[in-house]
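Okay, sequence plus prediction incoming.
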Amino acid sequence: MEQLLALEAYAIFKVIWWILLGVLLTGIGVMVGMDMGVGTILRYVGRTDAERRVAINVIGPHWDGNQVWFILGGGAIFAAWPLVYATAFSGFYIVMLVLLWSMIVRPLGFEYRSKMPSARWRDAWDATLFVSGFVPMLVFGAAMGNILQGVPFHFDWRLVSYYTGSFIELFNPFAILCGLMSVSLAIYMGGARLAAGAGEPVESRARTAGIAGGIGAIVLFGIGGIWADSLPGYQLVAGPAPHLAQTPLHQRVEVVPGGMLSNFEAHGILWLLPALVFASIILGVIALLLRRPLFAWWLGVPAWGGVIATVGAAVFPFMMPSTTNPSHSLSIWNSGSSPTTLGWMLGFTLVFMPLIVWYTSWAFWIMRGKVEPENVAASEHAL
């Protein structure tokens, strides 16, 4: 009986951390994506140097703090899903380097841009802010696209993973579509944030950019759903008994042609997840049209949550399907940490996650209000 209860508790821990990973990925999309969306549309919303400084200073007090969600997401994968972390970060090694290189220049762009009055100097750093905004969100979405399709890897008898694909394969047409959808949603969030935090004329241009990003996200998400319906899915046919070690070497997984959305067909309630995405973005675009940017920003939270949940529901129980050897696919059952690790992590999360939400909310509340060009010019601490 005790062993059975322990196994059930272990399974519950895994499901909880699967959900928490989705929450953390949503946090990345919402908070980090918002800042990167601003970087992506910086040259559009700011036609002059003063206007671009306004846009930068709207997110200037918060962008580095928002990176905590990126760190939490990577840390959660490392600690809760070590086999996924090892397999993904080694297989996506070159992509991860591109991501890191693009993000390394991000703080430099914020800190060094206004150190010299030269237009050429500032234009160069504006370019780095665009790259460090566009590229990470493209990679973030493309990673989701690759998870949906499956990744070319397999294990040897020692559980050492071997990636058999190439850098180009990771940016296949479907992955690029998912990446552009991610960029569009980031532009929507960034536009809504600037429209709420900047004065005219940046406010109007940001609202226009946010509307365009929202419409683009709706269209691309719809196309992606239609495309996904024709993609193969993965089905766990057999695995080790519950009381035995769960490894990807002792299971059988079959590829189901056109089965990507089989979980949605089997459980109709899951269709509420993509419906949430469409409803949130459509209402958000309407809110921007009605000049309610703060409400539009909050609608972006369920939009991102719906996107992440839709991806998770489509591949469940898998976290990283394998196209090289489907039976080596990683699932929530065979790639998690020990119950002790998951339990301790859950305890720390219950303490620190509310603190993170609290201090982030407090920081935004304290620094609320519109940023105007004269405010930037008068402050020696402005970016």
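That came through fine. Numbering: from 1, shown residues only.

residues of stretch 274-288 that come out buried?
Pro274, Leu276, Val277, Phe278, Ser280, Ile281, Leu283, Gly284, Val285, Ala287, Leu288 (16 or more other C-beta atoms under 10 Å). For glycine as for every other residue, the C-beta is placed from the backbone atoms N, C-alpha and C.

Could you do stretch 191-210 as well?
Per 16+ other C-beta under 10 Å, stretch 191-210 contains these buried residues: 191-199, 202-203, 205-210.

Can you flag which of those residues belong to strands?
Taking DSSP state E, every one of these sits outside strands.

can you list the buried residues of stretch 274-288 in CSV and add secondary structure, pLDDT and distance to Thr128?
Below are these laid out as CSV (DSSP: H, G, I helix; E, B strand; the rest coil; pLDDT from 0 to 100; distance: C-beta to C-beta, whole Å):
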residue, secondary structure, pLDDT, distance to Thr128
Pro274, helix, 96, 35
Leu276, helix, 97, 35
Val277, helix, 97, 31
Phe278, helix, 97, 34
Ser280, helix, 97, 31
Ile281, helix, 97, 29
Leu283, helix, 97, 34
Gly284, helix, 97, 29
Val285, helix, 97, 30
Ala287, helix, 97, 32
Leu288, helix, 97, 28
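
nearest to Leu99, of these?
Within the buried residues of stretch 274-288, proximity to Leu99 (C-beta to C-beta) peaks at Val277, which comes in at 24.3 Å.

Ile176 contacts Ala142, doesn't it?
Yes. With contact defined as C-beta atoms under 8 Å, Ile176 reaches Ala142; the gap is 6.5 Å.

what are the ranges of the strands in this protein?
153-155, 161-163, 233-238, 252-256, 318-320, 330-331.

Out of those strands, flag the one nearest His62.
Nearest of these (C-beta to C-beta): strand 318-320, 30.6 Å.

Provide the strand pairings for the closest one, with the direction of each partner.
Sheet pairing of strand 318-320 (DSSP bridges) gives strand 330-331 (antiparallel).

residues making contact with the strand it pairs with?
81, 83-84, 87, 236, 248, 251, 317-322 (C-beta atoms under 8 Å, 6 or more residues apart in numbering).

Compare these and tell me which has the most neighbours.
Comparing those on neighbour count, Thr87 comes out first with 27 neighbours (neighbours: other C-beta atoms under 10 Å).

Got the confidence number for the residue nearest to Met96 when sequence neighbours are not counted?
Using C-beta to C-beta, 6 or more residues apart in numbering and skipping residues adjacent in sequence, the residue nearest Met96 is Phe89, 6.0 Å away. Phe89 is assigned 84 on the pLDDT scale.

can you check His243 too?
65.

Tell me, please, the helix or strand in this structure that averages the lowest pLDDT.
Across the helices and strands of the chain, mean confidence by mean pLDDT, DSSP states H and E is lowest for helix 373-378: a mean of 77.

and it, what does it pack onto?
helix 49-59 (3 or more C-beta pairs under 8 Å, 6 or more residues apart in numbering; DSSP states H and E).

For the helix it packs on, which residues meet the burial criterion?
Asp49, Glu51, Arg52, Arg53, Val54, Ala55, Ile56, Asn57, Val58, Ile59.

residues in contact with Trp69?
Here Trp69 is in contact with Leu24, Gly27, Ile28, Val30, Met31, Val32 (C-beta under 8 Å, 6+ apart).

pretty sure Gly22 contacts Ala313?
No. Contact criterion C-beta under 8 Å: Gly22 and Ala313 do not qualify, at 9.7 Å.

Between those two, which is the more surrounded one?
Ala313 (19 against 16).

Just give the nearest non-adjacent residue to the more buried one, would you?
Leu270 (4.9 Å).

And Gly33, by the same measure?
Ala186 (4.0 Å).

what about this protein, any weak spots by pLDDT?
Applying pLDDT under 70 to the predicted model, the residue ranges of the chain that meet it are 1-7, 243, 380.

related to what we said a few turns ago, would you quantify the distance from the residue nearest to Gly33 to Gly179?
From Ala186 over to Gly179 the distance is 11 Å, taken as C-beta to C-beta, to the nearest Å.
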